[in-house]
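Chemist: Provided below are the primary sequence and the corresponding predicted coordinates.
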Amino acid sequence: MMKAVVVFATITGNNEDVADIITDALESHGVEVDENEMTMADVADFEDADICVVCPYTYDEGALPDEGLDFFDDLQESDLHGKVYGVAGSGDTAYADDFCVAVDKFGEAFDAAGATKGAENVHINLAPDEDDIKTLDTFVDKLIDQAKTGANDD
């Protein structure tokens, strides 16, 4: 059975909603999922997973979640070759150029760890709506397809 780990950080609850949508979609495909809040997770949790997902919020003007700074640092320094990753999170378009910056920074951290990108990063404005749910369902489909195909071990 394929296994996924979904980690989220949230202040308003929006990113927990994003994580829940992703978890539900993965489970509907028969994937075993472990979902945790970032302060309760460890990057080592990804070692036993086929699919690794992070749902971060972007704070203020492009800052990573304070409670996720250690997790972010550990992620960059880990070895996740053979793992498929995806990053999705909500932000506020009022921050213009800083909208969902943390999503992209976590994607770069996964790249540094050698993981294979399974789907394009998803940026959601505030709470996920029906269109966002469809986007997240497609995101999950791509992650699963990439995991079935096999992550690049270059």
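Modeler: Received, thanks.
Chemist: Tell me the buried residues in the longest strand along the chain?
Modeler: Taking DSSP state E as the criterion, the chain has its longest strand at strand 84-91. Neighbour-count burial for strand 84-91 flags 84-91 (criterion: 16 or more other Cβ atoms under 10 Å). C-betas here are computed from N, CA, C, even on glycine.
Chemist: gap between the residue nearest the centre of the chain and residue 124?
Modeler: Nearest to the geometric centre of the chain sits residue 54, at 2.3 Å (Cα atoms, centre = their mean). Distance of residue 54 to residue 124, given as Cβ to Cβ, to the nearest Å: 14 Å.
Chemist: any residues in contact with both of the two?
Modeler: residue 89 (Cβ atoms under 8 Å, 6 or more residues apart in numbering).
Chemist: Quick one: the strands in this protein, in order.
Modeler: Per DSSP E, the chain carries strands over the ranges 3-8, 32-37, 51-55, 84-91, 116-117, 122-125.
Chemist: Redo those as CSV? Include distance to residue 74 and mean pLDDT.
Modeler: Output for the strands of the chain, formatted as CSV (distance: least, Cβ to Cβ, whole Å; pLDDT from 0 to 100):
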stretch, distance to residue 74, mean pLDDT
strand 3-8, 11, 98
strand 32-37, 14, 98
strand 51-55, 12, 98
strand 84-91, 14, 97
strand 116-117, 19, 98
strand 122-125, 23, 97
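Chemist: Great, nothing more from me.
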